[in-house]
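J.: just coords:
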């Protein structure tokens, strides 16, 4: 009986962890982290 409760809790915790990791990974844009942005034009002329 106690073994089945332990297995059930582990399954629930594993599914919650999988759910969280899926949504955290889908929110991150890994392509943007690898790309280097261009240097913006200097629009602050002090002439």
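T.: Good, I have the coordinates. Fair warning: this is a prediction, and the values are worked out from it, not measured in the lab. Residues are numbered from 1 along each chain as shown.

J.: phi, psi for residue 41 please.
T.: phi -70, psi 140 (degrees, to the nearest 10).

J.: what about residue 15, how many neighbours?
T.: 10 (other CB atoms under 10 Å). For glycine as for every other residue, the C-beta is placed from the backbone atoms N, C-alpha and C.

J.: and the strands in the protein?
T.: Here the chain has no strands by DSSP state E.

J.: hey, which helix or strand in it has the poorest pLDDT?
T.: helix 30-34 (a mean of 71; mean pLDDT, DSSP states H and E).

J.: tell me where the chain has helices.
T.: Here the chain has its helices, by DSSP state H, at 2-27, 30-34.

J.: tell me which strands and helices the least confident helix or strand of the chain is in contact with?
T.: In terms of contacts (3 or more CB pairs under 8 Å, 6 or more residues apart in numbering; DSSP states H and E), helix 30-34 is packed against no helix or strand at all.

J.: and that helix, how far out from the chain middle?
T.: 12 Å (CA atoms, centre = their mean, to the nearest Å).

J.: winner for burial among the helices of the chain?
T.: helix 2-27 (a mean of 9; mean count of other CB atoms under 10 Å).

J.: and the helices of the chain, which one is worst for confidence?
T.: Per-stretch mean pLDDT for those is lowest at helix 30-34 (a mean of 71).

J.: residue 13 and residue 20, how far apart?
T.: 11 Å (CB to CB, to the nearest Å).

J.: quick revisit: possible to save the helices of the chain as CSV with distance to residue 43?
T.: Formatted as CSV, the helices of the chain follow (distance: least, CB to CB, whole Å):
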stretch, distance to residue 43
helix 2-27, 32
helix 30-34, 24
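
J.: quick one, which of the ones you listed gets closest to residue 42.
T.: Of all the helices of the chain, it is helix 30-34 that lies closest to residue 42, at 23.8 Å by CB to CB.

J.: can you tell me how far residue 3 is from residue 9?
T.: 11 Å.

J.: then residue 41?
T.: From residue 41 to residue 9 the distance is 57 Å (CB to CB).

J.: kindly report the same for residue 29.
T.: Taking CB to CB, one finds residue 29 at 34 Å from residue 9.

J.: equivalent analysis for residue 31, please.
T.: For residue 31, the distance to residue 9 - CB to CB - is 37 Å.

J.: no further questions, thank you.
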